[in-house]
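Student: Structure for the following, please:
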Amino acid sequence: MTDEELKTAKQWLKEGFVPRPNAEGKEKYWHARQMYVTFYSRKEVTREKRAVQRVVTRLRKKKNAQAKLYREHKKICRQIMDHDYFIVWVQFPTDEERFKSLDEDAKDSFDMWYDGPRSYAYCVKTEEEFNQIELDQEIEIVTADGTQTVEVIGKRIGKLEFTDHSYPNIPKLMYPYKYTDGTLVELPKIEK
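Tutor: Here you go, the predicted model:
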């Protein structure tokens, strides 16, 4: 038996052969795949039409099932990622106060990366609440430190950032976005 006669089940199928039910094959380490693969000789395969058709049908069903899962995954991702949120950007006055309270040495090192008060994105639950908020208006939000008054510096209706959602990963929110009442933003409900 030479190496030219040995082929995998997939390679034999391309030529119209399938391994016999009692075929043992020979396991070899295949460097291209970095795994052990079973190889079959010409004596261990058959060209019987029913056996070949059975294998082809099973592979087609498996491929169709995987394609269906992939389509469902894409549909779910599209529903999640196309959902619009009501986003407001706010500035905490404590950022500016903190900068002013630093001593001169600390200000010099702080000033290298400090370019003014930072803005934070918060979501609003309803459209009515979102429409009532005006730019430069002060609103109250709930944080880990309690209720704080912040200034609104921007607002928009749009999308949030998500993690990798390539198949089979379901998208997750990139950051722990919060509503103004302090609760975490969750993924939208998916229609099946």
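Student: Got phi/psi on Ala51?
Tutor: For Ala51, the backbone dihedrals (degrees, to the nearest 10) come out as phi -70, psi -40.
Student: Check Gln66 too.
Tutor: Reported as degrees, to the nearest 10, the phi and psi values for Gln66 are phi -70, psi -40.
Student: ditto for Glu140
Tutor: The phi/psi pair for Glu140 (degrees, to the nearest 10) is phi -100, psi 130.
Student: what is it paired to in the beta sheet?
Tutor: Taking DSSP bridges as the rule, Glu140 bridges to Thr149.
Student: And Lys155, by the same measure?
Tutor: With DSSP bridges as the criterion, Lys155 is bridged to Val88.
Student: need the contact list for it.
Tutor: Phe86, Ile87, Val88, Trp89, Phe130, Ile133, Leu135 (C-beta atoms under 8 Å, 6 or more residues apart in numbering). In this view, the C-beta of every residue, glycine as well, is placed from N, C-alpha and C.
Student: swap in Phe17?
Tutor: Taking C-beta under 8 Å, 6+ apart as the criterion, Phe17 is in contact with Val45, Thr46, Arg47, Val52.
Student: what's the distance between it and Leu187?
Tutor: 48 Å (C-beta to C-beta, to the nearest Å).
Student: What of Asp136?
Tutor: 32 Å.
Student: Quick check: buried residues in whichever strand or helix holds Thr57?
Tutor: Assessed by DSSP states H and E, Thr57 sits inside helix 49-81. By 16 or more other C-beta atoms under 10 Å, the buried positions in helix 49-81 come out as Ala51, Val52, Val55, His73, Ile76, Cys77, Ile80.
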